[in-house]
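# Sequence plus the predicted model coming up.
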Number of protein chains: 2
Amino acid sequence: MFDSMTIVGVGLISGSFSLALKDRGLVKNVIGISRTKASIRKALDLGLIDETLPLREAVAKSDLIYVAIPVDATVPMIEEILDLIGDKQIVADAGSTKHALCTALSNHPKRKRFVATHPMWGTEYSGPEAAVREAFNGRSCVICERAKSDKDAVETIEQVYRLLGMNIVYMNADAHDLHAAYVSHISHITSFALANTVLEKEKEEDAIFDLAGGGFESTVRLAKSSPAMWAPVFMQNRENVLDVLNEHISQLRKFKSCLEKENYAYLWELMENANKIKKIIK
Amino acid sequence: MFDSMTIVGVGLISGSFSLALKDRGLVKNVIGISRTKASIRKALDLGLIDETLPLREAVAKSDLIYVAIPVDATVPMIEEILDLIGDKQIVADAGSTKHALCTALSNHPKRKRFVATHPMWGTEYSGPEAAVREAFNGRSCVICERAKSDKDAVETIEQVYRLLGMNIVYMNADAHDLHAAYVSHISHITSFALANTVLEKEKEEDAIFDLAGGGFESTVRLAKSSPAMWAPVFMQNRENVLDVLNEHISQLRKFKSCLEKENYAYLWELMENANKIKKIIK
């Protein structure tokens, strides 16, 4: 499908994307771009990329340029790449926010060569070592503002994600950011806050962590996530995240009130209502 | 080790305990007790138990009686069982709270035949079908008030848990309940509240759940847990849970404040601090 592809960022998402394309024979040569030399070396060692080049040369050689770096750095990076490409090349991102990016690019003369995507997969790890095979298989991928991309560009990207086993969902950028706040960003914030809650207590109590088998690991797992990746996400999506966070705090206060008032019936009702999540998360 | 053992409750914990003992040849015959006939049938089908008997007959036949039912039902059940046993039999529980139970039993004439235990393992599922092989292997098990149990009783129970692959931790009941609030109970409450947060929103937004790959599943997993099991835990441990919940809400408010004030530096600091959980949860 591609003779050459550039991945900007050589980490969790771009590395997994590269592996998935390579495993399927969809790309011959992958060029990696990173500010960090150690990451490039690691990505070469792990076979995520075949070579590294300066951005301008990498873009010139590539059919697809796939950008997966922190969302605040994504905006100027994609503007710079769009300035460099011709009429056949495709640029796509994998960022967790879409409104800021799509707004910034809306008047770019090459906007139509860009496809805004968000494969809904991730782990708490980052860097080239975090890349995993078959990461995207069975997951959803959001494509935003489909109509603003050239038909050939968006169809190529859709085909790639489908060959990777993804289910494609279409949304406008605002709807994406709202939904992402609910199904991803708030989970990260609650995990970070839960870790801080427990770490705060650890100052007083040393033995506490012998016990961390009772559900704690899965709930706090995301607290290991990279601030470099997530702080810009929360900031770019701050209005939606604040809405959800306010709702979440008010839901927690309901539990608090039940316990304070020993209102067993309402406590039970809150939990039974939460059980409805079974119909969504199998 | 045991000719016959009774499990009171035939669900996630007791079923997994039974399987682990059977797999190691540590028990010949397992008697199951449950108020629910369908659960008994299922437990027989799954090989978790060999027979069912009325409580009095089951206890009379058993070397060990292992109680794993909701913590509010545990107190009267263990009082009743202790009234029935002789000087060689052993009673143990697997409950998530210890203060209320140990206090209630403290003056029972057979207190010394009881061993208060809490194997730190669980899933969001309940019932006989939820039992899994090798569930406890590699996990910690808390034993409370070791000195209040007869030496032979507590040493037998310790040996069983060790043969199951568990690491034993000793605590008094108050310390256990405090630590359990931090490493288990608060995780369940945040999960329940997160599920309610998202379900609240679902009324407005239908498409939201195509996207649930971004960390949501693991954070919300525990919201599928049984109210029958967990409401009594929260109530029995309400003072500790309230302390932790207050701290958690105040940690969430720090994130809220960062977003409201666009305080990027402090947001980063909060997340970097949360990353320290890496040293605890591998």
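Received it, and whenever you're ready, just let me know what you need.
# And chain A, what are its domain boundaries?
Chain A breaks down into these domains under automatic domain parsing: A:2-171, A:176-279.
# In a markdown table: those domains, plus distance to chain B and mean pLDDT.
Bear in mind the C-beta positions are built from the backbone N, C-alpha and C, glycine included. Listed next are the domains of chain A as a markdown table, based on distance: least, Cβ to the nearest Cβ, whole Å; pLDDT from 0 to 100:
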| stretch | distance to chain B | mean pLDDT |
| --- | --- | --- |
| domain A:2-171 | 4 | 97 |
| domain A:176-279 | 3 | 89 |
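# can I get the ones you listed in CSV with mean neighbour count?
What follows is the domains of chain A, written out as CSV (neighbours: other Cβ atoms under 10 Å in any protein chain shown):
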stretch, mean neighbour count
domain A:2-171, 20
domain A:176-279, 21
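# want to try CSV for those, with distance to B:Q236 as columns?
Converted to CSV, the domains of chain A look like this (distance: least, Cβ to Cβ, whole Å):
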stretch, distance to B:Q236
domain A:2-171, 32
domain A:176-279, 11
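# Between those domains, which one is closest to B:G95.
domain A:176-279 (11.9 Å; Cβ to Cβ).
# Next, the distance between the ends of that closest one.
End-to-end span of domain A:176-279 (Cα to Cα, to the nearest Å): 22 Å.
# now do stretch A:222-239
21 Å.
# Stretch A:160-168 now?
11 Å.
# Tell me how far it lies from the chain's centre.
Stretch A:160-168 has its C-alpha centroid displaced from the chain centroid by 16 Å (Cα atoms, centre = their mean, to the nearest Å).
# what about A:G138, which SS state?
coil (DSSP: H, G, I helix; E, B strand; the rest coil).
# Name all residues that make contact with it.
A:165-167 (Cβ atoms under 8 Å, 6 or more residues apart in numbering or on different chains).
# Need the nearest residue in space to the spatially most central residue of chain A, chain neighbours excluded.
Nearest to the mean C-alpha position of chain A, by Cα atoms, centre = their mean, lies A:S96 at 4.4 Å. Of all residues not flanking A:S96 in the chain, A:V233 sits nearest, at 4.6 Å (Cβ to Cβ, 6 or more residues apart in numbering or on different chains).
# Also A:D87?
Per Cβ to Cβ, 6+ apart, closest to A:D87 is A:R113, 7.3 Å.
# sorry, back to before: could I get the contacts of A:G138 as CSV with secondary structure?
Output for these, formatted as CSV (three-state DSSP):
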residue, secondary structure
A:G165, coil
A:M166, coil
A:N167, strand
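# Wait, a helix at A:D3?
No: with three-state DSSP as the criterion, A:D3 is located in strand rather than a helix.
# Surely it and A:I31 touch.
No: contact between A:D3 and A:I31 fails when scored by Cβ atoms under 8 Å: they sit 11.1 Å apart.
# you'd agree A:I143 is in a strand?
Yes: counting by three-state DSSP, A:I143 falls inside a strand.
# does A:A274 sit in a helix, a strand or a coil?
Relying on three-state DSSP, one would call A:A274 helix.
# residues contacting it?
B:191-193, B:195-196, B:199, B:223.
# how does it look with 10 Å?
A:251, A:255, B:188-189, B:191-199, B:220, B:222-225, B:227 (Cβ atoms under 10 Å, 6 or more residues apart in numbering or on different chains).
# Can you list which of the residues you listed are found in strands?
Among the contacts of A:A274, none falls in strands (DSSP state E).
# need the contact list for A:S225.
A:S225 makes contacts with A:12, A:122-126, A:188, A:191-192, A:233, B:215, B:271, B:274-275, as judged by Cβ under 10 Å, 6+ apart.
# doesn't A:G15 make contact with A:D45?
No: if you go by Cβ atoms under 10 Å, A:D45 and A:G15 don't touch, sitting 11.6 Å apart.
# Which neighbours do the two have in common?
By Cβ under 10 Å, 6+ apart, A:D45 and A:G15 have these common neighbours: A:128-129.
# Next up, the contacts around A:V233.
Neighbouring residues of A:V233 by Cβ under 10 Å, 6+ apart: A:70-72, A:95-97, A:177, A:180-181, A:184-185, A:188, A:225, A:241.
# Show me the two of the residues you listed that sit farthest apart.
The two members of the contacts of A:V233 with the most space between them (Cβ to Cβ) are A:D177 and A:S225, at 18.3 Å.
# Now A:A181: closest residue in space, sequence neighbours ignored.
In space, A:A181 is closest to A:N240, 3.7 Å off (Cβ to Cβ, 6+ apart).
# and what of A:L252?
B:A193 (4.7 Å).
# For that neighbour, give me its contacts.
By Cβ under 10 Å, 6+ apart, the neighbours of B:A193 are A:190, A:247-256, A:270-271, A:274, B:220, B:223, B:245, B:248.
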